[in-house]
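Enquirer: give me a 3D structure for the following:
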Amino acid sequence: MRAFLFCLILTISAFAMEQDAKIYVAGHRGMVGSAIVRKLHADGYHNIITRTSKQLDLRNQRAVLQFFEEEKPDYVFLAAAKVGGIWANNIYPAEFIRDNLAIELNVIDAAYRAKVTKLLFLGSSCIYPRMCLQPMKEEHLLTGPLEPTNEWYALAKICGIKLCKAYNRQYGTHFISCMPTNLYGPGDNYNLQNSHVLPALIRKFDDAKNQNLPSVEMWGTGEVKREFLHVDDLADACLFLMNNYDGNEHVNIGWGKDISIGDLAKMVQNAIDFDGKITRNLSKPDGTPRKLLDTSLINSLGWHPKISLKEGLKQTIQTYRSQKENVRR
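Expert: Modelled structure (predicted):
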């Protein structure tokens with residue numbers, strides 16, 4: 001492991017972004033993309049290109065190639081993806097693998113053809129095996145079977161990592177990848193049909209409090225553990241890697257601590273001040289038993305998260321309540 005980290009640490013980026021660089025953020029309306037745009041503006045980068053999905057369908061190869069030929073961005077943050085929780089991954093497996101593969105291939109190939117200086121591809125911690133050793137290290141990729149409830153999304157993200165490595169090897173590009181843990185914060189999806197666990201819990205407890213319900217249902221046993229990172233911390237890490245890392249291996253981004261879903265539910269319950277009970281629906285799947293990332297690499301490069309789960313949860317609940325009618329889609 002020490003030799004592995006040493007080799008990666010040597011690959012410090014020689015492509016720090018200039019303040020006037022032309023930067024394309026793919027997926028700028030999503031939770032991750034919008035956080036990256038906020039961070040770019042905050043750090044003085046204002047030459048930012050964005051397109052909505054109606055303006056540019058990233059699944060359309062011809063349209064993507066034309067966009068890159070016309071705009072010629074210097075840097076690309078590839079945050080666009082079809083995302084969802086356990087329910088959505090189970091119901092729409094073909095869409096999850098098809099759409100994500102198309103987006104990745106089209107953008108990465110177009111970036112190479114347009115001679116983009118550097119690209120950052122965002123993946124997910126679900127790329128690691130279901131029964132992976134904990135905490136999960138970068139070299140654990142492809143060492144065991146994936147979690148069945150999200151394997152289609154995971155396979156697409158693994159292909160994105162490999163695409164970046166293949167283009168670097170054959171064409172000498174500078175395409176890097178990062179794998180964030182479970183995210184939360186502004187711009188999250190609170191639709192109970194396809195949201196992730198934390199926004200789903202926030203909505204359930206807030207609804208229950210407002211409607212004076214006696215209980216809130218939690219999926220599964222509550223015993224599985226998850227790690228959570230505020231999306232603004234992820235955006236900070238993305239800019240850090242774009243300016244400071246040029247390695248060929250993907251980089252884990254996380255908080256470095258995890259929490260059981262049962263304890264998370266209690267934390268949300270207390271933050272929302274809900275007096276009812278928590279019930280467990282054991283007919284619903286738990287998913288992967290544990291997902292904790294080893295963040296030794298990015299920490300050794302000098303980056304650390306700043307927003308604790310307690311503080312981030314408080315901010316997120318305030319944002320949800322102030323924008324409830326807009327975020328409950």
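Enquirer: shaky segments in this protein?
Expert: Applying pLDDT under 70 to the chain flags residues 1-15, 325-329.
Enquirer: all helices for it, in order.
Expert: Per DSSP state H, the chain carries helices over the ranges 2-9, 31-42, 61-71, 86-91, 93-113, 151-171, 197-210, 231-244, 261-272, 296-301, 309-322, 324-327.
Enquirer: okay, now residue 241: neighbour count?
Expert: Neighbour count of residue 241, defined by other CB atoms under 10 Å: 22. C-beta coordinates here come from the backbone N, C-alpha and C atoms, glycine included.
Enquirer: that one contacts residue 250, doesn't it?
Expert: No - look at residue 241 against residue 250 with CB atoms under 8 Å: they stay out of range, at 10.2 Å.
Enquirer: can you tell which of the helices of the chain is closest to residue 52?
Expert: Closest to residue 52 of these is helix 31-42 (CB to CB; 11.0 Å).
Enquirer: quick one: that closest one to helix 231-244, angle?
Expert: For helix 31-42 against helix 231-244, the angle by axes from the mean of the first three to the mean of the last three CA atoms, to 10 degrees is 60 degrees.
Enquirer: give me the contacts around helix 31-42.
Expert: With contact meaning CB atoms under 8 Å, 6 or more residues apart in numbering, helix 31-42 is reached by 23, 25-28, 46, 48, 50, 77, 79-80, 122, 180, 183, 185-189, 231-232, 234-236, 238-239.
Enquirer: which among the helices of the chain is found nearest to residue 218?
Expert: For residue 218, the closest of the helices of the chain is helix 261-272, at 5.1 Å, according to CB to CB.
Enquirer: so which residues make contact with the closest one?
Expert: Helix 261-272 is touched from outside by 197-198, 201-202, 205-206, 209, 216, 218-226, 228, 259, 278, 286, 309-310, 313-314, 317, with contacts defined as CB under 8 Å, 6+ apart.
Enquirer: that one: which residues count as buried?
Expert: 261, 262, 264, 265, 267, 268, 269, 271, 272 (16 or more other CB atoms under 10 Å).
Enquirer: relative to the whole chain's centre, how far out is it?
Expert: Offset of helix 261-272 from its chain centre (CA atoms, centre = their mean, to the nearest Å): 22 Å.
Enquirer: coming back round to it: which of the buried residues of helix 261-272 lies closest to residue 255?
Expert: Using CB to CB, residue 264 is the member of those that lies nearest residue 255, at 12.9 Å.
Enquirer: I figured residue 295 hits residue 237, correct?
Expert: No - with contact defined as CB under 8 Å, residue 295 and residue 237 do not form a contacting pair (9.4 Å).
Enquirer: overlap of the contact sets of those two?
Expert: Shared contacts of residue 295 and residue 237, defined by CB under 8 Å, 6+ apart, comprise residue 253.
Enquirer: one step back: just the buried members of the contacts of helix 261-272?
Expert: 197-198, 201-202, 205-206, 209, 216, 218-220, 222, 224-226, 228, 259, 278, 286, 309, 313, 317.
Enquirer: which residue packs closest to residue 24, ignoring adjacent ones?
Expert: Leaving aside its chain neighbours, residue 24 sits nearest to residue 73 (3.9 Å; criterion: CB to CB, 6 or more residues apart in numbering).
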